[in-house]
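Enquirer: Build the 3D model from these lines:
(one chain, ligands or ions: 1)
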Amino acid sequence: MTARVLSGVQPTGNLHLGNYLGAIRNFVGLQDTHECLYCVVDMHAITVFQDPKELAANTREVAAAFIAAGVDPKNHIVFNQAQVSQHAELAWVLNCVSRMGWLNRMTQFKEKAGKDREKASVGLYVYPNLMAADILLYKATHVPVGEDQKQHLELARDIAQKFNHDFKAEGFFPQPEPLIQGPATRVMSLRDGTKKMSKSDPSDLSRITMLDGPDEIAKKIRKAKTDTQALPETKEQLEGRPEAANLLGIYAALADVPLEAAIGQFAGSQFSNLKEQLAELAIEKIGPIGEEMKRLTQDPATVDAILADGAERARAIAEPIMAEVRHKVGFLGS
Ligand code: AQP
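Expert: I've put the predicted structure just below:
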């Protein structure tokens, strides 16, 4: 079986360093060894209301981020989910395979729905089934994601297995493997090292976005929360020091060195030294990607053409697999 990669990012605005280090950056390296499909998951985004105009702009922005980071839309596939209707179609079938008990365990739903669960959309609840459909529609074997998506990936594996079992189709859907890579698989908020860096955090200072300029990047790192001790000498000493662990993890990921190397480099020094060098490095690595994203989004027709072309090629892979699914399920006319 060909090793096929699929991953997605939601166009919900405020694309940040966590999305980049946890996911998008890893998309790039996989292109040499795998056939890759990278998807702007606009259908996932609407599980929480999105202003239609903003959704369209954010969809182009995420596509631009993929390309600016180094994804090659000619040799691989970049598209937005809503242009390939088979995602929705397979998601319905998988809604009927997946179990309520499985979804009830999903921590992301609990976090996002919060206390007022009754008011959350049904889409938010079945989101992991749509994510399973995204992956299985292409029989993708590998899924590069941040740590927070691990549970959804495990669910996708369970759904694949149950579909194969229920429809007596041993080996039809492969078991997708999560690829959770690098020293920054869970980038934390700059304001609170125990909270994930996230698009929806009300504090702009909590995240570095891909469109931040040098001054904003430097300011956010300068203001990042710290503790009162000097930086540790060993990985074990990071225990109970979430802010130190986060800043050193980000530094290691951006410098492309193991966490141990970053710890060694700053052992015993003050946070101010780490912050200064981290700001310099982040500006050097993120700045040019943001500039290229801005350039690309100023030319929406080109981005739209890339997405349309990607969707056409995605459909060509998806439709024969979806046709087999219809047939296995017993839908007439298939
Ligand atoms: N903080 C993070 N560290 C590492 N990886 C992260 N990812 C997200 N946040 C971090 C990874 O980015 C990819 C795309 O994520 P998404 O578009 O599904 O968005 P999300 O996880 O909903 O992003 P946020 O920022 O967490 O949004 P909100 O605020 O809405 O909850 C995924 O591979 C994800 O693992």
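Enquirer: make it CA atoms for all contacts and neighbour counts henceforth
Expert: Noted.
Enquirer: can you list the residues of the stretch 51-200 of the chain near the ligand?
Expert: Applying CA under 6 Å from any ligand atom, one finds that the stretch 51-200 of the chain approaches the ligand through 145-149, 185-188, 196-200.
Enquirer: you'd agree V41 is up against T12?
Expert: No. Contact criterion CA atoms under 8 Å: V41 and T12 do not qualify, at 9.5 Å.
Enquirer: quick revisit: distance to Q50 added to the residues of the stretch 51-200 of the chain next to the ligand, as CSV?
Expert: Formatted as CSV, these follow (distance: CA to CA, whole Å):
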residue, distance to Q50
V145, 23
G146, 23
E147, 25
D148, 22
Q149, 22
T185, 27
R186, 25
V187, 25
M188, 25
K196, 22
M197, 20
S198, 17
K199, 13
S200, 12
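Enquirer: Narrow those to those that are buried.
Expert: Neighbour counting by 16 or more other CA atoms under 10 Å classes V145, G146, E147, T185, R186, V187, M188, K196, M197, S198, K199 among those as buried.
Enquirer: Which of those residues fall in strands?
Expert: In strands, judged by DSSP state E, none of those are found.
Enquirer: can you list the domains in the chain?
Expert: Following automatic domain parsing, one finds the domains of the chain at 4-185+299-329, 204-295.
Enquirer: Throw those into JSON lines and include mean pLDDT, thanks.
Expert: Listed next are the domains of the chain as JSON lines, based on pLDDT from 0 to 100:
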{"stretch": "domain 4-185+299-329", "mean pLDDT": "97"}
{"stretch": "domain 204-295", "mean pLDDT": "97"}
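Enquirer: Settle this for me: V143 is touching E177, isn't it.
Expert: Yes. Look at V143 against E177 with CA under 8 Å: they come within range, at 6.1 Å.
Enquirer: Please say which of those two ends up with more neighbours.
Expert: Between V143 and E177, counted using other CA atoms under 10 Å, V143 has the larger neighbour count: 24 against 17.
Enquirer: and that one, what does it touch?
Expert: By CA atoms under 8 Å, 6 or more residues apart in numbering, the residues touching V143 are V5, L6, S7, I135, P176, E177, P178, L179.
Enquirer: Show only the entries of those residues found in helices.
Expert: Counting by DSSP state H, these place I135 in helices.
Enquirer: Drop anything exposed from the contacts of V143.
Expert: Among these, the ones that count as buried by 16+ other CA under 10 Å are V5, L6, S7, I135, P176, E177, P178, L179.
Enquirer: so how far is the ligand from the first one?
Expert: With the distance defined as CA to the nearest ligand atom, to the nearest Å, V5 ends up 13 Å from the ligand.
Enquirer: residues in contact with stretch 190-209?
Expert: 12-18, 186-189, 217, 220-221, 223-225, 242-243, 246.
Enquirer: Show me how to select, in PyMOL, the buried members of those.
Expert: To isolate the buried members of those in PyMOL, using 16+ other CA under 10 Å:
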select buried, resi 12+13+14+15+16+17+18+186+187+188+189+217+220+221+224+225+242+243+246
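Enquirer: Can you give me the buried ones in stretch 315-333?
Expert: R315, A318, E319, I321, M322, V325, R326, K328.
Enquirer: Need the residues that contact it.
Expert: Residues external to stretch 315-333 that are found in contact with it (CA under 8 Å, 6+ apart): V84, Q86, L90, L137, Y138, F167, A169, S334.
Enquirer: try 6 Å
Expert: Defining contact as CA atoms under 6 Å, 6 or more residues apart in numbering, one finds that stretch 315-333 is touched by V84, L137, Y138, S334.
Enquirer: ok, which stretches of this protein are strands?
Expert: 4-9, 35-40, 77-80, 142-144, 177-179.
Enquirer: and the first one with strand 35-40, angle?
Expert: Per axes from the mean of the first three to the mean of the last three CA atoms, to 10 degrees, the angle that strand 4-9 makes with strand 35-40 is 10 degrees.
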